[in-house]
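> only geometry, no sequence info:
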């Protein structure tokens, strides 16, 4: 039962080994972190006080971080990315390649089952970088939370340690107490020098804790109340809210007996030991004795502005590539690119031609006009930089600049001169997404997207692959507004003999169904298509609108598509040919998040195992009990299929967190490896659960004057 599918592509070269593991933009230069991006989600309402408090938090965090790392590092340069819907002014700058989807810190609505508790989404094991820090507007604005979590600056450093250095919490909500070797019951903490009282205050007044006979430890009503004034200065990963705590536990203060995630994940090493082994500290030997005041720049997202830069060189006549390009780009223009976007088109071979300046996509007629301008023939050589430069020219038409704009660059040819525009591309502030088509696309192509924080996509000429369409359908906006984004529900290609057929089931849940398209493509003769809606209504090929020039048939479901199982069957009545089915849809309600799939690859170097992570979630709620499959297209053309798991075993570091993981070991050599992710429900509907990541400790209260417990 299909839930949704999402393609992603990886290009294995020595260059990309570094790219996969690194965070684009964010860097450590002269002891200062630069290009730290804090992005506010479009659904968050405009609030100037929110901005002021974010800036105050980062300023305090920089000072605290400097002290915590023994004067080694601080926050030097920070960008706060505002949504395009917020009011702007002349002092607010345009972003370059910053986006909500790739931000280091997101300010977004709370998880319904998680509240305002800050957390960091961590995929990997000890020392692996996290995905993002999630803070809510409520946490930033509500000072009544200060007694619970402590000051915001130290808390941010706690989360930063999760995100940047891959360390873990030194408390344990599931096992807050343990019995030490000497038989004494201790609070799970680091260091043991943190003092406090263990009391049961559940009835309003406090009393001594009682033993749970089943565990031999204090029962669930018991809490550890740290003393407000501590002699110990660590540890930040236990409780950064204590006033005297300003350091990480090190090898001399670490509590190896505590049953916490840090010991479990990092083989009983202290947090400071792990931090010191990170690349940040290996490359930073000196201390910083100057100012630690961060430079904070406010930038504001704008509507999507992009240009298709498409190869029409002679090699595009091979393997039906020029028509496949038209089929895929047509789906992008008609179904994927968001309403309100501005789109231009450039084609190139040994020269370049602007097919159209920017057009605002505000109705279906504009979409159809853009489709008519897609190339139909090919010939000549390949000069990628000519195409890119004409793309820049098109992008400048809206405001005179290219900051924050996008180029989608597709090519199948080699070009020894591509490096001549690397510097120009970097300086443009434009994201360049590259699509390598076929086996001979320029080897330097991915360097162009790496330098500009673009996506690196690839498609083969394999007859039963839908890779090129998958590449285009994956190019959605990164502004964080899921209600605008097209969601791919099906992507299936088959080589069918005469008289043969294939069928499948597509499940549409209640969160999606707007702007739903079923699209069939073929090579030679239009196949017969039958589609059964959940209500029993039958759509035949007479309901599909056919474009015989591009060998495409499209059915758009009016209004909102029915929720339930849609069943289709495709029969080939002519000679053997490749046939594909692609289905896309959009969210029904902007306030109800659809289920989404977010893949990530971690690979430090060729000697380390590669790990593929796929996060399946609805908003910030993890989706459990899903069946997650990756289908890899290897350079040899042989498909390689594997299931990923969320069971806490092998590559999966946490059970039931909605992140499905697997080691990928079938690396047969250099080349372009493409992956398709297919997510299905198993044994009935998948489940939602609250996300439990690397989060700051909730302090139930403090011991003051020996016996008073304040919440």
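Right, received. Where do you want to start? What you see is a predicted model, and the numbers here were worked out from it, not measured in a lab.

> for the residue lying closest to residue 514 once chain neighbours are set aside, what is the enclosing helix or strand?
Counting by Cβ to Cβ, 6 or more residues apart in numbering, residue 586 is the residue found nearest to residue 514 once chain neighbours are left out, at 4.5 Å. All C-beta atoms are positioned from the backbone trio N, CA, C, and that covers glycine. According to DSSP states H and E, residue 586 maps onto strand 577-587.

> thought the residue nearest to residue 514 was touching residue 517?
No: contact criterion Cβ atoms under 8 Å: residue 586 and residue 517 do not qualify, at 9.8 Å.

> so what's the backbone phi/psi at residue 421?
Backbone torsions of residue 421, given as degrees, to the nearest 10, read phi -110, psi 10.

> what bits of the protein have low per-residue confidence?
Along the chain, segments meeting pLDDT under 70 span 1-24, 112-114, 463-464, 636-637, 682-711.

> remind me, longest helix of it?
helix 48-68 (DSSP state H).

> and the residue nearest in space to the middle of the chain, what are its bridge partners?
For the chain, the residue sitting closest to the mean C-alpha position, by Cα atoms, centre = their mean, is residue 598 at 5.3 Å. Residue 598 forms beta bridges with residue 615, as assigned by DSSP bridges.

> residue 577 - how many residues pack around it?
Neighbour count for residue 577, taken as other Cβ atoms under 10 Å: 19.

> meant to ask about residue 215
Residues near residue 215, counting by other Cβ under 10 Å, number 13.

> can you check the one 3 residues further on too?
The local packing of residue 218 (other Cβ under 10 Å) involves 21 other residues.

> 42 is where my numbering starts, stick with that
Yes, from this point I'll number from 42; that puts the last item at residue 259.

> how close does it get to residue 231?
From residue 259 across to residue 231, the span is 19 Å (Cβ to Cβ, to the nearest Å).

> one more: residue 518?
Residue 518 is 43 Å from residue 231, by Cβ to Cβ.

> likewise residue 110?
As for residue 110, its distance to residue 231 is 17 Å (criterion: Cβ to Cβ).

> swap in residue 632?
Counting by Cβ to Cβ, the gap from residue 632 to residue 231 is 41 Å.

> show me which of the two is the more surrounded one.
Neighbour count, other Cβ under 10 Å: between residue 632 and residue 231, residue 231 has more, with 29 against 9.

> element containing the more buried one, please.
Using DSSP H and E, no helix or strand contains residue 231.

> quick one, what contacts it?
211, 275-276, 278-279, 290, 294-296, 299, 301, 303, 311-312 (Cβ atoms under 8 Å, 6 or more residues apart in numbering).

> keep only those of the residues you listed that are in helices.
In helices, judged by DSSP H, the following of these are found: 278, 279, 303, 312.

> please name the nearest non-neighbouring residue to the second one.
What it means is residue 279. Closest residue to residue 279 apart from its sequence neighbours, by Cβ to Cβ, 6+ apart: residue 211 at 4.1 Å.

> wait, the one you found sits on residue 312?
Yes: the criterion here is Cβ under 8 Å, and residue 211 meets it with residue 312 at 7.1 Å.

> and for the two, which residues touch both?
231, 276, 278, 290, 303.

> was I right to think the third one contacts residue 290?
Yes: look at residue 278 against residue 290 with Cβ under 8 Å: they come within range, at 7.0 Å.

> which residues in the stretch 142-291 of the chain form strands?
With DSSP state E, counting those that start in this stretch as the criterion, the stretch 142-291 of the chain has strands at 146-148, 160-162, 173-176, 218-220, 226-228, 237-241, 248-249, 252-253, 258-259, 263-267.

> who does the first one pair up with?
Strand 146-148 sits in its sheet next to strand 77-81 (parallel), strand 173-176 (parallel), going by DSSP bridges.

> let's have those strands in a markdown table, adding mean neighbour count and distance to residue 202.
Formatted as a markdown table, those follow (neighbours: other Cβ atoms under 10 Å; distance: least, Cβ to Cβ, whole Å):
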| stretch | mean neighbour count | distance to residue 202 |
| --- | --- | --- |
| strand 77-81 | 26 | 14 |
| strand 173-176 | 24 | 10 |
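
> helix, strand or coil for residue 506?
Following DSSP: H, G, I helix; E, B strand; the rest coil, we place residue 506 in the coil state.

> so who does residue 626 touch?
Neighbouring residues of residue 626 by Cβ under 8 Å, 6+ apart: 527, 528, 530, 549, 553, 554, 555, 556, 557, 558, 602.

> now residue 304
Counting by Cβ under 8 Å, 6+ apart, residue 304 touches residue 297.

> helices or strands up against the host helix or strand of residue 668?
For residue 668, the element it lies in under DSSP H and E is strand 667-674. Applying 3 or more Cβ pairs under 8 Å, 6 or more residues apart in numbering; DSSP states H and E, one finds that strand 667-674 contacts strand 651-659, strand 680-685, strand 700-705, strand 712-722.

> repeat that with 10 Å
strand 43-53, strand 636-643, strand 651-659, strand 680-685, strand 700-705, strand 712-722 (3 or more Cβ pairs under 10 Å, 6 or more residues apart in numbering; DSSP states H and E).

> any chance of these in a markdown table, with distance to residue 87 too?
What follows is the helices and strands packed on strand 667-674, written out as a markdown table (distance: least, Cβ to Cβ, whole Å):
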| stretch | distance to residue 87 |
| --- | --- |
| strand 43-53 | 32 |
| strand 636-643 | 25 |
| strand 651-659 | 26 |
| strand 680-685 | 39 |
| strand 700-705 | 33 |
| strand 712-722 | 35 |
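
> out of these, which is closest to residue 569?
strand 43-53 (21.2 Å; Cβ to Cβ).

> quick revisit: now the contacts of residue 626: which count as buried?
527, 528, 530, 549, 553, 554, 556, 557, 558, 602 (16 or more other Cβ atoms under 10 Å).

> among these, which ones are in helices?
Among those, no member falls in helices (DSSP H).

> any idea how far residue 481 is from residue 475?
14 Å.

> quick one, which of the two is more surrounded?
Taking other Cβ under 10 Å, residue 475 and residue 481 do not tie; residue 475 has more neighbours (29 against 13).

> may I have the beta-bridge partners of the more buried one?
When assigned by DSSP bridges, residue 475 has beta-bridge partners residue 450, residue 497.

> how near is it to residue 134?
When distance is defined by Cβ to Cβ, residue 475 is 27 Å away from residue 134.

> residue 620 now?
Using Cβ to Cβ, one gets 48 Å for the distance from residue 620 to residue 134.

> same question for residue 353.
Distance, residue 353 to residue 134, using Cβ to Cβ: 36 Å.

> with neighbour numbers in mind, choose between those two.
Per other Cβ under 10 Å, whichever of residue 353 and residue 134 has more neighbours is residue 353, with 23 against 14.

> so what's the more buried one up against?
Residues near residue 353 by Cβ atoms under 10 Å, 6 or more residues apart in numbering: 363, 366, 388-390, 393-394, 416-421, 423, 428, 452.

> if we can go back for a sec, what do residue 278 and residue 290 both touch?
Contact criterion Cβ under 10 Å, 6+ apart; residues shared by residue 278 and residue 290: 208, 211, 231, 303, 311, 312, 313.

> burial measure for the second one, as a count.
Counted with other Cβ under 10 Å, the neighbours of residue 211 add up to 28.

> wait, isn't it in contact with residue 295?
Yes: counting by Cβ atoms under 10 Å, residue 211 touches residue 295, with 8.7 Å between them.

> now do the buried residues in whichever strand or helix holds residue 609.
Following DSSP H and E, one finds residue 609 within strand 605-612. Neighbour-count burial for strand 605-612, with 16+ other Cβ under 10 Å as criterion, is recorded at 607, 609, 611.

> wait, doesn't residue 137 sit right on residue 340?
Yes: between residue 137 and residue 340 there is a contact under Cβ under 10 Å: 8.2 Å.

> now for those two: what residues contact both?
120, 444, 445.

> chain center to stretch 533-553: distance?
Centroid separation for stretch 533-553 versus its chain: 28 Å, with Cα atoms, centre = their mean, to the nearest Å.
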